[in-house]
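Q: Quick one, structure for this:
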Amino acid sequence: MQTIYLLIVLAPLLGAVLAGVFGRQLDRTAAHWVTSLGVGISCLLSLYVFKHIVIDGAASFNGTVYTWMISDGVHFEIGFLIDKLSAMMMVVVSFVSLMVHIYTIGYMRDDPGYKRFFSYISLFTFAMLMLVMSNNFMQLFFGWEAVGLISYLLIGFWYKKETAIYANLKAFLVNRVGDFGFLLGIAAVLMYFGTLDYAQVFSNASILNDQTIDIIGGQSWSVATLICILLFIGAMGKSAQVPLHVWLPDSMEGPTPISALIHAATMVTAGIFMVARMSPLFELSETALTFVMVIGATTALFMGLLGLVQNDIKRVIAYSTLSQLGYMTVALGASAYAAGIFHLMTHAFFKALLFLAAGSVIIAMHHEQDMRKMGGLRKYMPITWFTSLMGSLALIGTPGFSGFFSKDSIIEAVGQSSLPGSTYAYVAVVLSVFVTALYTFRMYFLVFHGKERMDEHTRAHLRESPLVVTLPLIGLAIPSVVIGYFFVGSMAFGHFFGDAIFVLPQHDVLAKLSHEYHGPGAMMLHSILTLPFWLALSGVVTAWYLYIKRTDIPETLCRRWSFVYHIMLDKFGFDRFNEIFFAGGGRVLGKILWKVGDVFLIDMLVVNGSAYTMGWFSGMMRRIQTGYLYTYAFAMIIGLMALLAIFVL
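A: Numbering: from 1, shown residues only. Got it, this is the predicted structure:
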């Protein structure tokens with residue numbers, strides 16, 4: 001099996017190398033074939049591994065491929081941990097990536113960077129697979145940083161576009177903030193456990209129970225709390241949680257396939273996966289769990305609100321991603337790790353579907369992304385319309401769709417939690433149901449229904465996207481509808497993940513709910529009596545009324561509530577705060593250090609000062625060396641008198 005695991009990660013890497021390094025020797029068709037074939041092989045083998053581990057019940061694999069370095073007795077290794085958690089992630093990553101590769105053939109066909117793009121997305125798939133398959137913190141960090149680097153390259157793929165360069169630099173810098181905390185957390189793990197191997201760390205996690213450390217001012221902190229919060233800071237950056245969320249909406253400046261691959265289905269969920277993988281550590285600290293839950297709840301509600309005022313179709317979906325990541329994070333904080341990962345899986349399909357459907361609309365609209373210039377596209381693009389509807393219904397948690405089973409599982413789990421902050425989290429995620437339905441169907445109605453608002457030239461050329469674009473939409477729509485139905489029992493309320501996820505009995509909210517679970521059909525029927533169902537329905541009806549029936553009301557509300565509207569347009573001031581205090585403060589500090597350190601200390605004192613001193617000294621010596629005998633005799637007499645005076649005194 002180890003050979004299969006190696007092929008899974010190396011096949012996309014080989015495709016990336018062939019398309020990137022030997023791109024000049026390959027034509028465009030060969031470039032997309034070698035990369036798509038590599039990812040296709042990875043997808044098929046991942047499905048085989050899923051069958052072997054999950055369906056057939058084979059034992060998990062934990063082995064080292066090779067030792068990279070040994071330093072002071074610590075082994076830095078490349079290895080794989082293939083259990084039910086990683087097997088599921090491998091299928092999600094490789095399948096979504098394959099759909100994106102196929103879609104890209106149509107979407108990027110006229111782009112001059114065609115071969116470079118395929119090389120990047122294939123390389124990204126390799127990095128993400130290395131991350132989810134790792135069995136140690138070093139390899140995890142390698143994959144973590146690799147996906148961050150490649151996302152930087154992909155967001156700024158159109159490097160001649162100033163906004164794209166700004167967006168990729170913003171993403172890179174914000175993630176560096178999170179990664180600094182993540183690296184400190186890994187260093188703390190190494191300091192206290194003496195190893196970076198998952199199995200050894202998790203088996204000895206109990207040694208942290210009574211460990212404390214002094215941080216600042218003699219204040220004692222639990223080591224377990226410190227490690228978990230530091231690791232979660234890394235997840236806050238990668239999975240875009242408040243306040244490190246500011247990079248993700250701007251990352252929509254990259255090509256649409258990137259939005260689907262990186263910022264909906266794979267990279268942004270790396271932080272969710274990491275926390276679930278670290279469950280044996282997080283279960284040791286209720287403080288850390290509360291911190292995770294509150295951050296997730298805040299992100300879910302307030303980032304969803306921002307989706308209501310966006311007019312760029314991709315940015316609406318971007319803020320939706322932020323909100324849904326908040327749901328997953330809340331589940332992690334409530335110790336409902338399985339429900340969080342379940343939502344990660346369903347979200348990967350329906351959110352990738354929505355992004356790719358948005359890309360299909362953008363192609364038809366000649367790269368127009370403003371929803372105010374769309375409308376009535378249903379009759380021109382029936383496949384895109386229908387698949388978008390499926391993705392939208394899954395996103396808002398319509399009973400029977402995949403998003404319903406995973407989202408409702410999270411809401412119920414948070415309601416069962418007794419951790420501090422759980423009440424706030426529950427209220428936030430319930431309110432987010434209405435908000436999600438409202439911004440989702442606002443987008444849906446503005447794009448596909450109502451009055452046609454495009455210009456005549458665009459209307460004359462409107463048509464459905466080619467098969468190479470619509471086929472991935474259909475491929476993603478199917479699991480968006482049905483996969484939740486088949487996996488809710490085992491994944492959310494059963495023992496799907498086995499030993500891959502650890503939960504203390506007093507925190508196991510899903511175990512309490514499992515006694516009330518009587519199958520997906522009963523869950524759907526019961527949902528009709530619950531508040532989330534009626535809030536979602538209210539959100540859809542409200543969106544229909546505001547954007548189909550009475551289109552004058554939204555403008556009136558914006559004028560009447562202009563103060564609130566402008567706060568939301570300003571993104572609650574996060575970007576402004578960062579620009580003034582962090583970016584602006586950094587520039588001021590840099591200028592001060594430049595003036596004091598470089599100009600004054602180095603230039604004036606060290607470089608110019610030493611030159612001036614030597615010049616002055618040379619000038620003095622030049623005056624002494626006159627060439628006249630009487631001058632030297634006089635100097636000798638003065639020197640002799642000085643020596644006698646010193647001797648006498």
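
Q: which secondary structure element contains Ile70?
A: strand 61-71 (DSSP states H and E).

Q: Pull out the buried positions in that strand.
A: Phe61 (16 or more other Cβ atoms under 10 Å). Placement of C-beta: from N, CA and C, glycine included.

Q: go on, stretch 198-209?
A: 198, 201-202, 205, 208.

Q: Off-centre distance for it?
A: Counting by Cα atoms, centre = their mean, to the nearest Å, stretch 198-209 is centred 27 Å from the centre of its parent chain.

Q: pull the CA atoms of that stretch into PDB?
A: The C-alpha trace of stretch 198-209 is given here as PDB (Å, rounded to 0.1, in the frame of the first residue of the first chain):
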ATOM      1  CA  TYR A 198       1.700  12.400  15.800                       C
ATOM      2  CA  ALA A 199       1.400   9.000  17.300                       C
ATOM      3  CA  GLN A 200       4.000   9.600  20.000                       C
ATOM      4  CA  VAL A 201       2.600  13.100  20.800                       C
ATOM      5  CA  PHE A 202      -1.000  12.000  21.000                       C
ATOM      6  CA  SER A 203      -0.200   8.900  23.100                       C
ATOM      7  CA  ASN A 204       1.600  11.000  25.600                       C
ATOM      8  CA  ALA A 205      -0.800  14.000  25.600                       C
ATOM      9  CA  SER A 206      -1.700  13.500  29.200                       C
ATOM     10  CA  ILE A 207       1.700  14.700  30.400                       C
ATOM     11  CA  LEU A 208       0.400  18.300  29.700                       C
ATOM     12  CA  ASN A 209      -2.400  18.000  32.200                       C
END
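
Q: Name the residues that touch that stretch?
A: Applying Cβ atoms under 8 Å, 6 or more residues apart in numbering, the external contacts of stretch 198-209 come out as 62, 81, 134-137, 189, 192-193, 195, 222-224, 227, 277, 280-281, 284, 502.

Q: now what about the helix or strand harbouring Arg623, what contacts it?
A: Under the criterion of DSSP H and E, Arg623 resides in helix 609-624. By Cβ under 8 Å, 6+ apart, the surrounding residues in contact with helix 609-624 are 631, 635.

Q: Contacts for the helix or strand following it, please.
A: Next helix or strand after helix 609-624 toward the C-terminus (DSSP H and E): helix 629-648. Here helix 629-648 makes contact (Cβ under 8 Å, 6+ apart) with Ile624.

Q: Restrict helix 629-648 to CA atoms and write it as PDB.
A: What follows is helix 629-648, C-alpha atoms only, in PDB (Å, rounded to 0.1, in the frame of the first residue of the first chain):
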ATOM      1  CA  LEU A 629      64.200  70.100  10.500                       C
ATOM      2  CA  TYR A 630      63.400  72.800  13.100                       C
ATOM      3  CA  THR A 631      59.800  71.600  13.300                       C
ATOM      4  CA  TYR A 632      60.900  68.100  14.200                       C
ATOM      5  CA  ALA A 633      63.400  69.400  16.700                       C
ATOM      6  CA  PHE A 634      60.700  71.600  18.300                       C
ATOM      7  CA  ALA A 635      58.400  68.500  18.500                       C
ATOM      8  CA  MET A 636      61.200  66.400  20.100                       C
ATOM      9  CA  ILE A 637      61.900  69.100  22.800                       C
ATOM     10  CA  ILE A 638      58.100  69.400  23.600                       C
ATOM     11  CA  GLY A 639      57.900  65.600  23.800                       C
ATOM     12  CA  LEU A 640      60.900  65.400  26.100                       C
ATOM     13  CA  MET A 641      59.600  68.200  28.400                       C
ATOM     14  CA  ALA A 642      56.200  66.300  28.600                       C
ATOM     15  CA  LEU A 643      58.000  63.100  29.500                       C
ATOM     16  CA  LEU A 644      60.100  64.900  32.200                       C
ATOM     17  CA  ALA A 645      56.900  66.500  33.600                       C
ATOM     18  CA  ILE A 646      55.200  63.200  33.800                       C
ATOM     19  CA  PHE A 647      58.200  61.600  35.500                       C
ATOM     20  CA  VAL A 648      58.600  64.400  38.100                       C
END
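
Q: Now find how far off-centre it is within its chain.
A: For helix 629-648, the distance to the chain centre is 80 Å (Cα atoms, centre = their mean).

Q: quick one: that helix to helix 609-624, angle?
A: Orientation check (axes from the mean of the first three to the mean of the last three Cα atoms, to 10 degrees): helix 629-648 against helix 609-624 gives 110 degrees.

Q: got a list of what Met524 touches?
A: Here Met524 is in contact with 399-400, 404 (Cβ under 8 Å, 6+ apart).

Q: and Phe118, what is it in contact with?
A: By Cβ under 8 Å, 6+ apart, the contact set of Phe118 is 15, 19, 31-32, 35-36, 101, 104.

Q: Of those residues, which belong to helices?
A: The helices, defined by DSSP state H, take in 15, 19, 31-32, 35-36, 101, 104 from these.

Q: So how do I select the buried members of those residues in ChimeraX?
A: In ChimeraX syntax, the buried subset of the ones in helices among the contacts of Phe118 is picked out as below (16+ other Cβ under 10 Å):
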select :15,19,31,32,35,36,101,104
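
Q: Relative to Lys115, which of the ones in helices among the contacts of Phe118 is nearest.
A: Closest to Lys115 out of the ones in helices among the contacts of Phe118 is Ala31 (4.0 Å), distances taken as Cβ to Cβ.

Q: Pretty sure that closest one sits against Gly23.
A: Yes: in terms of Cβ atoms under 8 Å, Ala31 counts as a neighbour of Gly23; the distance is 6.3 Å.
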